[in-house]
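J.: coords please:
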Amino acid sequence: MLLGEGLWKVYGAAPVLRGVTIQVAPRETTALVGETGSGKSTIARILCGLTRADRGAVSLAGNPVPRKAALLRAFRKQVQMVFQDASGSLDPRMTAEDILSEPLRNYTPARGAEMREQAERLLEEVGLDRSLGRRYPHELSGGQRQRVVIARALAPDPDYLVCDEPLSGLDEQTQDRVVRALTRLGRDRGVLFISHDLSRSVQISRRLYVLFAGAVVEHLPAERVGKAAHPYTRALFQGLYGAEEPVPEVRAKTGADFGIAETGCPFRLQCAEARLSCRGEPPVRLVCSSRNHWARCYAVRGESALC
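T.: Presented below is the predicted three-dimensional model:
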């Protein structure tokens, strides 16, 4: 289990993350969804050991992320990140085969012909022809570059992949190819799929975390998005699924307000269901039908209980 618990991160005076707890199970794909600027990429970097949280902790199989460089190297072999900007994360002077050979050289005993063979197998694993290994990034399409980035993350044979907006900037047909590759990979390892694309997140994942202003407001199985409990989640998904009850309108973010409350529930300034209790302590987790579905909201209805 890859676990981030009680994660806080502050840049300047504003908190980017507010006590986020998120777990990724082995051999399962979990989605983290939210709007641009909600803190998704910061969570990704913290889970991969690339950025430290100001408060909270990350652990893998119950062991905390080590601080010593040698031990941190072993952790990063097990938890790899797929970066959002494929073009920016690939060296334009290296062929695809060279790009894949680098992590193989760093993390495996493969050398020479064996390393080239493994690099070609990695290309096939993400649905690319072996011949593309001789091409440079500018000779590849956007989807091909993105799959090279995924293949590079697979080179150390990690237990977990953290994919930060892997479909960003790709057309629908190319997204389909990348989603198929990630779906296959999720059968053998834990995958965190981070995206603002709601339909793709539901398509690829078993369960979802919904992030608003650096706080997780709801966690639910993918098949229950049409029965979301939090007003923000229901507002996000109302265009994809018919809600059982009318979805409150999300008030526009205007002026200095920008719709994010600094105290209490961060969503209360936009929420049509806000009440006086929302101004106090942020709501605790309330179970919605099962412990696999919970929301942080005083307006949660139905058979709810503290968890």
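
J.: Test my guess that residue 84 contacts residue 36.
T.: No. At 11.3 Å, residue 84 does not count as touching residue 36 under the criterion of Cβ atoms under 8 Å. All C-beta atoms are positioned from the backbone trio N, CA, C, and that covers glycine.

J.: Show me which of these two is the more surrounded one.
T.: Neighbour totals were compared for residue 84 and residue 36, and residue 84 leads with 21 against 8 (other Cβ atoms under 10 Å).

J.: Pull the contacting residues for that one.
T.: By Cβ atoms under 8 Å, 6 or more residues apart in numbering, the residues touching residue 84 are 41, 164-166, 168.

J.: Using PyMOL, define a selection of the buried residues within these.
T.: Buried residues within those, by 16 or more other Cβ atoms under 10 Å, are selected in PyMOL with:
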select buried, resi 41+164+165+166
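
J.: And the furthest pair within the contacts of residue 84?
T.: 41 and 166 (12.1 Å; Cβ to Cβ).

J.: which ones are touching residue 66?
T.: Counting by Cβ under 8 Å, 6+ apart, residue 66 has contacts 72, 74-75.

J.: Tell me which helix or strand the residue nearest to residue 161 when sequence neighbours are not counted sits in.
T.: Take residue 161 and drop its neighbours on the chain: the residue closest to it by Cβ to Cβ, 6 or more residues apart in numbering is residue 191, 4.9 Å away. If you go by DSSP states H and E, residue 191 is part of strand 190-195.

J.: what sits up against that strand?
T.: 1-2, 22, 24-33, 40-41, 43-44, 47, 159-167, 182, 185, 200-201, 204-205.

J.: Quick check: the gap between residue 45 and residue 281.
T.: 29 Å (Cβ to Cβ, to the nearest Å).

J.: who's more crowded, the two?
T.: residue 45 (17 against 10).

J.: For the residue nearest the centre of the chain, give me the pLDDT.
T.: When Cα atoms, centre = their mean is applied to the chain, the residue found nearest the centroid is residue 194 (2.7 Å). Listed pLDDT for residue 194 reads 96.

J.: now swap in the one 10 residues further on and tell me
T.: You'll see residue 204 listed with a pLDDT of 95.

J.: Can you tell me the SS state at residue 76?
T.: helix (DSSP: H, G, I helix; E, B strand; the rest coil).

J.: list the contacts for it?
T.: With contact set as Cβ under 8 Å, 6+ apart, residue 76 has these partners: 48-49, 156.

J.: ok, now with 6 Å
T.: residue 49 (Cβ atoms under 6 Å, 6 or more residues apart in numbering).

J.: Quick check: the gap between it and residue 53.
T.: Distance from residue 76 to residue 53, by Cβ to Cβ: 16 Å.

J.: ok, now residue 90?
T.: From residue 90 over to residue 53 (counting by Cβ to Cβ), the distance is 28 Å.

J.: burial of residue 26, as a residue count?
T.: Residue 26: 12 neighbours (other Cβ under 10 Å).

J.: To clarify, my last question referred to residue 211.
T.: Neighbours of residue 211 (other Cβ under 10 Å): 25.

J.: beta partners of it?
T.: residue 216 (DSSP bridges).

J.: Tell me the spacing between it and residue 46.
T.: 13 Å.

J.: Please state the backbone phi and psi of residue 6?
T.: The phi and psi values for residue 6, taken as degrees, to the nearest 10, are phi 60, psi 40.
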